[in-house]
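dropping a prediction and its sequence here:
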Amino acid sequence: MQDQLFINGDWVAPALGGMLPVIDPATEEVFHHIPAATEADADAAVKAAREAFDHGPWPRMSGKERAVFLRAIAQGIRDRLPELARLEVRDNGKPLPEAEWDLGDAAGCFDFYAGLAEELDGEAEDIALADGRFTAKAVREPLGVAVAIVPWNYPLLMASWKVAPALAAGCTMILKPAETTSLTALELGAIVKAAGLPPGVLNILSGKGSVVGQRLVEHPQVDKVAFTGSGPVGSRIMADGARDIKRVSLELGGKSPFVVFADSDLEKAVEWIMFGIFWNQGQVCSATSRVLVERSLYAPLLARLVEEAGKIRIGNGLEKGTLLGPLVNRGQYEDVLRHIARAVEQGATVACGGRRPAGMNTGYYLEPTVLTDVPLDSDAWVEEIFGPVVCLRPFDTEEEAVALANDSRFGLAAAVMSADDARCERVAKAFRAGIVWINCSQPTFTEAPWGGYKQSGVGRELGRWGLDNYLETKQITRLVSDDPWGWYIRS
């Protein structure tokens, strides 16, 4: 496991020698320490990235040449996938099969953007001008030095969503992983070094967001900041970036609805509701945590959901058969418990869960929790809990369901389930959300855009939209006429 920063292609001790403990959320034991970067380290990383962009080979390579490195990084992840997955389990707490899935997706992300990098070669759009004395074209060029600040729920996958398109575009980057889950991000440094990535193209700084993250966001030589995390932090990043007119993209929180109509298959509905909220312990920005069920199906669905939620195997993510691991750290665990207690105070009923599992006295474990009778103005219905907690509520009409679904300051994702395809399409169109699932919840694909409406963010990641985050568009106009311009000098 790495215990140094990755700057300018080398492993470097933090300027002040500070270290942060790495705690296994299943055992609460400290099993490693990671470097705590300082403002001086941030400055060194930006300097390296700036030099690599302004004078190095990376932005001047063809897309085809950059693609070779991206595919080597993808293979490097695959070659170490079992090891990296186990690191993420110990760092984050998620079950091992989920971590393996995530790491496979991370490798696939680098492969996907390798293909898009190749498509950049020779890309130019001819522009038809009304004035025939000129020709014009639009070309896309790498934006510059980018900073990626990623969350703790998908450590290497969220890093890949930003690093892969940035490198494909020809940008250089400083990656700041979450201070609680930095292990696999630091290992990415070893992978890119083995792949032969030029020095300074990717720099990786672990440490506190309030120190190193803040310095990176404010740094005048940074051109772009890409952030995934909470709304309040995203708001501050946007304000800080505005001082230098930095390009900023934000993928923030959600309180996503799942509308289930009475003609839905009961078993499929329960399965997708559970996947929508219990995957990754509910620590998912797009989690469908508000479930609206047509009244005639509400009682049987609630009964089956409570029954199946009680069967979920809870335990250490490294233990075979575990489907729900611990929450990521003590702070998050206590915060989710406070949300549940507050929900009860405001009138909600705990249909199941809401407690530490019996006999599991160590680790940040929480039973899968189903809340009913949740008032529309209560915190549990309005605020993102970011844990295995789902709120259920009945509805009577399609119009009511859509209105309740859209009544949120968030707009990241939404889901609808019905046997009526026309109704599904109608409701999907009516949702004010950037991601909509029909008859499912949470499947995510590298090829498709990811991002939200309203306070859920600014911009899109993944697909060609993710590449656009790291490209600037340049107009090039040429005079092709031999006729004199004749404005100041007349023959």
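Happy to help now that I have it.

got the contact list for the residue positioned nearest the centre of the chain?
Ranked by distance to the mean C-alpha position of the chain (C-alpha atoms, centre = their mean), the top residue is Met158 at 4.7 Å. Taking C-beta atoms under 8 Å, 6 or more residues apart in numbering, we find Met158 in contact with 150-151, 228. To be clear about C-beta, it is placed using only N, CA and C from the backbone, and glycine gets the same treatment.

not including adjacent chain positions, what is the nearest residue to it?
Closest residue to Met158 apart from its sequence neighbours, by C-beta to C-beta, 6 or more residues apart in numbering: Val150 at 4.2 Å.

surely the one you found meets Ala178?
Yes - counting by C-beta atoms under 8 Å, Val150 does reach Ala178; the two are 6.5 Å apart.

neighbour count winner among those two?
Set side by side, Val150 and Ala178 show more neighbours around Val150, with 27 against 24, by other C-beta atoms under 10 Å.

and the more buried one, its phi and psi?
phi -120, psi 160 (degrees, to the nearest 10).

tell me the contacts of it?
Contacts of Val150 by C-beta under 8 Å, 6+ apart are 158-159, 161-162, 175-178, 185, 228-229.

helices - which of these land there?
158-159, 161-162, 185 (DSSP state H).

for the helix ranked longest in the chain, packing partners?
What stands out as the longest helix in the chain, according to DSSP H, is helix 96-120. Secondary-structure packing of helix 96-120 (3 or more C-beta pairs under 8 Å, 6 or more residues apart in numbering; DSSP states H and E): helix 63-79, helix 81-92, helix 155-169, helix 463-468.

pLDDT wise, what is Ile122 at?
Careful, residue 122 is Gly; it's not Ile. Reported pLDDT at Gly122 in the predicted model: 86.

same thing with Arg490?
For Arg490, pLDDT reads 84.

that one and Ser481: what is the separation?
Using C-beta to C-beta, to the nearest Å, Arg490 is found at 16 Å from Ser481.

mind checking which of these two has more residues around it?
Taking other C-beta under 10 Å, Arg490 and Ser481 do not tie; Ser481 has more neighbours (10 against 7).

assign that one to helix, strand or coil.
Applying DSSP: H, G, I helix; E, B strand; the rest coil to Ser481 yields a three-state assignment of coil.

any figure for the gap between Ser230 and Leu301?
Ser230 is 31 Å from Leu301, by C-beta to C-beta.

the two: which is more packed in?
Leu301 (23 against 15).

whichever strand or helix holds that one - what's its average pLDDT?
According to DSSP states H and E, Leu301 maps onto helix 295-309. Averaging pLDDT along helix 295-309 gives 98.

which residues sit against it?
260-262, 264, 266-267, 269-270, 273-274, 278, 293, 351-353, 368, 370, 372, 392, 394-396.

the stretch 101-250 of the chain: strands as residue ranges?
Remark: strands assigned in the stretch 101-250 of the chain by DSSP state E, counting those that start in this stretch are 124-127, 134-142, 145-149, 172-176, 202-204, 224-228, 247-251.

actually the stretch 351-491 of the chain, sorry about that
According to DSSP E, counting those that start in this stretch, the strands that the stretch 351-491 of the chain contains are 369-372, 389-395, 410-411, 413-417, 435-438, 453-454, 457-458, 471-479.

the second one - contacts with which helices or strands?
Taking 3+ C-beta pairs under 8 Å, 6+ apart as contact, the helices and strands that strand 389-395 lies on are helix 266-278, strand 290-294, helix 295-309, helix 330-345, strand 369-372, helix 379-382, helix 398-406.

so the fourth one versus strand 389-395, what angle?
The one in question is helix 330-345. 30 degrees (axes from the mean of the first three to the mean of the last three C-alpha atoms, to 10 degrees).

helix 330-345 - what's its average pLDDT?
97.

what's the local residue count around Arg355?
13.

list the contacts of it.
Contacts were defined as C-beta under 8 Å, 6+ apart; by that measure Arg355 touches 366-367.

distance of it relative to Gln332?
Note on Arg355: its distance to Gln332, by C-beta to C-beta, is 16 Å.

same thing with Glu100?
Using C-beta to C-beta, Glu100 is found at 23 Å from Gln332.

cool, Asp3 as well?
For Asp3, the distance to Gln332 - C-beta to C-beta - is 24 Å.

who has more neighbours out of the two?
Set side by side, Asp3 and Gln332 show more neighbours around Gln332, with 22 against 15, by other C-beta under 10 Å.

from what I can see that one touches Glu384, true?
No - Gln332 lies out of contact with Glu384 (C-beta under 8 Å); the separation is 11.9 Å.

pLDDT score for the residue nearest to Met158?
98.

state the distance from it to Glu88.
Distance from Val150 to Glu88, by C-beta to C-beta: 13 Å.

how far out from the middle of the chain is the helix holding Leu301?
31 Å (C-alpha atoms, centre = their mean, to the nearest Å).

in it, what's buried?
297-298, 301-302, 304-306, 308-309 (16 or more other C-beta atoms under 10 Å).

just the buried ones among the contacts of helix 295-309, please.
260-261, 264, 269-270, 273-274, 278, 293, 351-353, 368, 370, 372, 392, 394-395.

on that earlier part again, which of the helices and strands packed on helix 96-120 sits most buried?
helix 155-169 (a mean of 28; mean count of other C-beta atoms under 10 Å).

quick one: contacts of stretch 181-195?
Under the criterion C-beta under 8 Å, 6+ apart, residues 1-2, 6, 9, 11, 22, 32, 34, 69, 72-73, 76-77, 80, 84, 87-88, 90-92, 103, 150, 152, 155-156, 159, 163, 175, 177, 201-202, 204, 206, 328 lie in contact with stretch 181-195.

if we use 7 Å, what do you get?
1-2, 6, 9, 22, 34, 69, 72-73, 76-77, 84, 87-88, 91-92, 152, 155-156, 159, 175, 177, 202, 204, 206, 328 (C-beta atoms under 7 Å, 6 or more residues apart in numbering).

quick one: residues contacting Ala169.
Counting by C-beta under 7 Å, 6+ apart, the residues that Ala169 touches are 142-143, 467, 470-471.

by neighbour count, which of those residues wins?
When these are compared by neighbour count (other C-beta under 10 Å), Tyr470 ends up highest, at 26 neighbours.

which residues does that one contact?
By C-beta under 7 Å, 6+ apart, the neighbours of Tyr470 are 142-143, 146, 165-166, 169, 171, 224.
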